[in-house]
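Colleague: let's see this in three dimensions:
(2 chains)
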Amino acid sequence: MALLLAGAFTMIVPFLWAISTSLKTEDAIYANPTDLVPRDPKTRQISIHWENYLKVWEKIPLRSYYMVSIIAAVAVTIGRVATSSLAAYAFARLEFPGRDKLFLLYLATMMIPAEVTMIPIFVLISKMHWMNTYYALILPGVFTAFGTFMLRQFFMTIPRGLEDAARVDGCSRLGIWWRVIIPLSVPALVTLTIFTFLGSWNDFMWPLIVTHTKDMFPIPVGLAQMQSDYQRELTLLMAASVQVLVPVFILFFACQKRVTEGIVMSGFGKF
Amino acid sequence: MKPSTARKLKEALTGYGFLSFNIVGFMAFTAIPVVFSLALSLYKYDNITPAKYVGLDNYKKLLGFHYESATEDEDAAPVDAATAGPASTGPQHLVANDPNFWHYLGNTLFMMLGLPLTMVGALILAMALNRGIHGRLVFRAIYYLPSISPIVALALVWVWVLNPTYGSLNGVLSSVPNWFIDQSNGVFGTNLTHVTWGPNWLGDLNWAKPAMIMIAIWGGIGGFTMLLYLAALQGIPGVYYEAASIDGASRWQQFRNITWPLLGPVNFFVIVMGVIAGFHAFDMQYVMTQGGPAGATTTIAYYIFNNAFSFSKMGYASAIAWVLFAIIFTLTLLQWRYRKKYTFQYD
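Modeller: Model (predicted):
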C-alpha cells in the first residue's frame, strides 16, 4: 500500500510541477528556493497567477489547434468506425469470390510499420495538392486494416440465428447490419471509437509532416511549435500543456472502464 | 436447398458493396503505398526531380561495410598489385558505409533497456492492484494517465522537470545534502544558491539516453503492460493457490511455481510489443532533444523521418523503413511461434 502510494506520487509529481509552474510569474520560476506552491519570490506570500491560462489563448492560436484536432479526430473516428464495420460485416458473413484472399491481404498489412507507408502516402498527398489540408490529416487515418480486423473478429461471435430470423422477416443485408449487428456490437464499437479518437488526437509525426501553417496545426504540432516560439516562457508553456492534458484526463475518467477493457481486448497499447 | 446462381451473385454484389468504401481507401492508403514503398527503396528520389533507379544501392549503403584504406572499386575489379600498392601500407579498418545507421540502431536498442524494469514494476503493480485494495480504480487511473496523454505535452513537462538549473528533479537532488544539514527546509526548499547537484540531463551525452529510459519507465509502468498482467493474473484460477497453500507452499514458492510460469506468454508478448514500440520511438525525442546531443537520442524512426522529410532522401528512407519492417516482422513471427508453443489451457 505504501509502495502504491509512493509510486502514485511519483507518477503525478511531473503533472503537479507543471501545474505549479503554470500558476507562477516568470520571476517566481527562477526563484530560490524552488517552490511547489507558487509564491511571490520577494514577499514569500502565496501568489497564484491564473491569468497565465488566459494569456496562452492570446499568444498562441490554441482555439484553432483545438478546432483542427476535434475536426480531424471526429472525422477519422466516424470514417473508420463506419467503413470498418461495413467491411467487417462483409468479411464475417457474406460469401463472395476472393473474400479470404482479400482478408489475408488486410491481415498481412497489419504488420507493416507506419514508417513504410508514410513516404508513399506523403508523395500521393503532395501530388494531389492536398498538403496542409484536412484531406491530408483525415483520409490516411480512416482506412486501417486493424479496425476491420478487430470488428470482424467480434462479428464472428454473434450467433447467426439472430440474422436468419431477421432475414425471414424480410430484412435486407443493410438492415441486418444496422438493426442486428451494430446494436449487438456496442462494446467493440466503443472500444474502436475510443482508440481511434485517442490515436488521432495524440498523433504527432503525420500532422507534423503534412501541415505547414498554424491554422492547420492540430494540438500536438501546435504545442511543439509553441515550444520553439516561446522557449523561455515556461509559465505559458506549462499552462498550455496543462490545458491540453486536462480534457484527455476528463475523457479518460469518464470512460475508464471501457478504455482499460478495450486495451486488453484488442491487445493494443501505446507504450 | 442449394442457393441459386442468381442469389449467389446477389450476395457477392452485396459483399462488394459493403466492402467498397473500405477497400478503396485500403488500396489507396495501405496496399498500393506498400508496393510503391518497396519500389521506391530501389530508387533515388527527392519528390521534385524524377526518380533515378539505383538497384540495391540504398541497401548496400545502409547495411554494407567497406575497408577504409582500400580502393573504392575493390568489388568491381580484382586488386592489381602493381597499381593498388601493397595491402600492408596501413591497417585496414572495416567501416560501415553509413555509420549513422548503426549508431542510431544502437541508440534505439539502448533506449529499450528500461523495458525489463518497466515489466518488473508493472508486474508488482498488477499484483498489488489484484489484491482488491481500497481505491484500486483511482490507483489504476493515476498510473495509466501517461499512456493516454499526448506525448508532446508530456515531453514539454519533462523538459522542464529535467531542466538542469531550475527543474524540479535537480531541485530535489540538490536539496538532498541539505536534509542532513538543515531539517527546516521542505523537500523543495534549498538554501543553496542555484548551484545544483544533478546532471545536465538532456544536454549531456551520457545522461540523455538514461533520461529517456527513465521517462519511458515512468510512462510505461502503469499502461498497457500492467493491464495485460492484471488480466493474466485474474485469469489464473484461485484453486491453484489454494492447493499450493494446503501443501504448505510459501508465498514466494507460489509465485515462483504458479504465477511466474503462467505469465510466460504474457511476458513474451509484452517484450515483443515493447521492442516494437521502441523501434517506433520518435515523439519524445523530437520534442525533448531533437535527437541530440550529437545524435545520442536519435532513433531509427527519427532517422527515417529525417532522411525522408529533412534531407529529401525518400528512396533511402524507404530502404531504412523496410529494414525496420524486417526486424519487426522477425519479432512478430517469433512471438507467434512462442505463443503457439506456450498456450495454457485452464480447466
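Colleague: longest helix of the chain?
Modeller: You didn't pick a chain, so chain A it is. The helix spanning the most residues in chain A, taking DSSP state H as the definition, is helix A:62-93.
Colleague: that was the other one, I meant chain B.
Modeller: helix B:314-341.
Colleague: which parts of that one are buried?
Modeller: Residues of helix B:314-341 classed as buried: B:314-325, B:327-328, B:331, B:335, B:338 (neighbour count, 16 or more other C-beta atoms under 10 Å in any protein chain shown). Using the backbone N, CA and C atoms, a C-beta is placed for each residue, glycine as well.
Colleague: is any residue of it near chain A?
Modeller: Yes: under the criterion of C-beta under 8 Å from any C-beta of the partner chain, chain A is reached by helix B:314-341 at B:314, B:317-318, B:320-322, B:324-325, B:328-329, B:332.
Colleague: what would these look like in CSV with pLDDT?
Modeller: Below are the residues of helix B:314-341 next to chain A laid out as CSV (pLDDT from 0 to 100):
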residue, pLDDT
B:Met314, 93
B:Ala317, 94
B:Ser318, 95
B:Ile320, 95
B:Ala321, 95
B:Trp322, 95
B:Leu324, 94
B:Phe325, 94
B:Ile328, 89
B:Phe329, 89
B:Thr332, 82
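Colleague: what number of residues lie near the residue of the stretch 51-200 of chain A found nearest chain B?
Modeller: For the stretch 51-200 of chain A, the residue closest to chain B is A:Phe143, as judged by C-beta to the nearest C-beta, at 3.0 Å. As a burial measure, A:Phe143 scores 25 neighbours (other C-beta atoms under 10 Å in any protein chain shown).
Colleague: chain neighbours aside, what residue packs nearest to it?
Modeller: Among residues not flanking A:Phe143 along the chain, B:Gly25 sits closest, at 3.0 Å (C-beta to C-beta, 6 or more residues apart in numbering or on different chains).
Colleague: for B:Leu94, same thing?
Modeller: In space, B:Leu94 comes closest to B:Phe65 once its chain neighbours are excluded; the distance is 5.2 Å by C-beta to C-beta, 6+ apart.
Colleague: now A:Leu105
Modeller: Nearest one to A:Leu105, counting by C-beta to C-beta, 6+ apart, is B:Ala31 at 6.6 Å.
Colleague: where's that neighbour relative to B:Leu324, distance?
Modeller: When C-beta to C-beta, to the nearest Å is applied, the distance between B:Ala31 and B:Leu324 equals 19 Å.
Colleague: picking that back up, who does the longest helix of chain B touch, helix- and strand-wise?
Modeller: helix A:114-127, helix B:32-40, strand B:43-44, helix B:57-63, helix B:264-280, helix B:300-305 (3 or more C-beta pairs under 8 Å, 6 or more residues apart in numbering or on different chains; DSSP states H and E).
Colleague: would a markdown table of the residues of helix B:314-341 next to chain A with distance to A:Leu107 be doable?
Modeller: As requested, these are exported to a markdown table (distance: C-beta to C-beta, whole Å):
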| residue | distance to A:Leu107 |
| --- | --- |
| B:Met314 | 27 |
| B:Ala317 | 26 |
| B:Ser318 | 23 |
| B:Ile320 | 25 |
| B:Ala321 | 20 |
| B:Trp322 | 19 |
| B:Leu324 | 20 |
| B:Phe325 | 15 |
| B:Ile328 | 15 |
| B:Phe329 | 13 |
| B:Thr332 | 12 |
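Colleague: list the contacts of the host helix or strand of A:Leu107.
Modeller: Using DSSP states H and E, A:Leu107 falls within helix A:99-109. Helix A:99-109 is contacted from outside by A:90-91, A:145, A:148-149, A:152, B:15, B:19, B:23, B:26, B:30-31, B:34, using C-beta atoms under 8 Å, 6 or more residues apart in numbering or on different chains.
Colleague: if we go to 7 Å?
Modeller: By C-beta atoms under 7 Å, 6 or more residues apart in numbering or on different chains, the residues outside helix A:99-109 that reach it are A:91, A:145, A:148-149, B:15, B:26, B:30-31, B:34.
Colleague: go on, stretch A:74-85?
Modeller: Contacts for stretch A:74-85 (C-beta under 7 Å, 6+ apart): A:138, A:141-144, A:147-148, A:151, A:182, A:189, A:192-193, A:196-197, A:200, B:21-22, B:25.
Colleague: from these, which would you call buried?
Modeller: For the contacts of stretch A:74-85, a burial check counting by 16+ other C-beta under 10 Å picks out A:138, A:141-144, A:147-148, A:151, A:189, A:192-193, A:196-197, A:200, B:21-22, B:25.
Colleague: so where's the chain uncertain?
Modeller: Just so you know, I chose chain A. Counting by pLDDT under 70, the ranges of chain A that qualify are A:31-35, A:41, A:263-271.
Colleague: switch to chain B, please.
Modeller: Across chain B, the ranges flagged by pLDDT under 70 are B:1-3, B:69-91, B:176-197, B:339-347.
Colleague: ok and the residue in it nearest chain A?
Modeller: Closest contact between chain B and chain A, by C-beta to the nearest C-beta, is at B:Phe224 (2.5 Å).
Colleague: burial count for that residue?
Modeller: Around B:Phe224 there are 23 other residues, counting by other C-beta under 10 Å.
Colleague: compute the distance between it and A:Val259, please.
Modeller: To A:Val259, B:Phe224 is 11 Å away according to C-beta to C-beta.
Colleague: now for those two: what residues contact both?
Modeller: With C-beta under 7 Å, 6+ apart, B:Phe224 and A:Val259 have no common neighbours.
Colleague: strands along chain B, start to end?
Modeller: For chain B, applying DSSP state E gives strands covering B:43-44, B:52-53, B:65-67, B:94-96.
Colleague: pairing partners for the third one, with directions?
Modeller: Sheet partners assigned to strand B:65-67 using DSSP bridges are listed as strand B:94-96 (antiparallel).
Colleague: contact residues of the stretch 201-347 of chain B facing chain A?
Modeller: Residues of the stretch 201-347 of chain B lying close to chain A (C-beta under 7 Å from any C-beta of the partner chain) are B:219-220, B:222-224, B:227-228, B:231, B:273, B:277, B:280, B:282-283, B:287, B:301, B:304-305, B:308-309, B:314, B:317-318, B:321-322, B:324-325, B:328-329, B:332.
Colleague: same thing but 6 Å
Modeller: Within the stretch 201-347 of chain B, the positions near chain A by C-beta under 6 Å from any C-beta of the partner chain are B:219-220, B:223-224, B:227, B:231, B:282-283, B:287, B:301, B:304, B:308-309, B:314, B:317-318, B:321, B:324-325, B:328-329, B:332.
Colleague: run a quick neighbour tally on residue 175.
Modeller: The chain I'm using is chain A. By other C-beta under 10 Å, 13 other residues sit near A:Gly175.
Colleague: please go with chain B instead
Modeller: With other C-beta under 10 Å as criterion, B:Ser175 counts 22.
Colleague: also B:Pro237?
Modeller: A count of nearby residues for B:Pro237, using other C-beta under 10 Å, gives 12.
Colleague: same thing with B:Met127?
Modeller: Using other C-beta under 10 Å, B:Met127 has 15 neighbouring residues.
Colleague: same check, this time on B:Ile48
Modeller: 7.
Colleague: and if you look at A:Asp215?
Modeller: 12.
Colleague: show me the contacts for it.
Modeller: Neighbour list for A:Asp215: A:Ser64 [criterion: C-beta atoms under 6 Å, 6 or more residues apart in numbering or on different chains].
Colleague: let's see it at 8 Å
Modeller: A:Asp215 makes contact with A:61, A:64, A:68, according to C-beta under 8 Å, 6+ apart.
Colleague: contacts with chain B among those, please.
Modeller: Filtering the contacts of A:Asp215 for proximity to chain B by C-beta under 8 Å from any C-beta leaves nothing.
Colleague: turn those into JSON lines, including neighbour count.
Modeller: JSON lines is the format used below for the contacts of A:Asp215 (neighbours: other C-beta atoms under 10 Å in any protein chain shown):
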{"residue": "A:Pro61", "neighbour count": "17"}
{"residue": "A:Ser64", "neighbour count": "16"}
{"residue": "A:Val68", "neighbour count": "23"}
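Colleague: contacts only, for B:Leu162.
Modeller: By C-beta under 8 Å, 6+ apart, B:Leu162 lies in contact with B:169-170, B:201-202, B:211.
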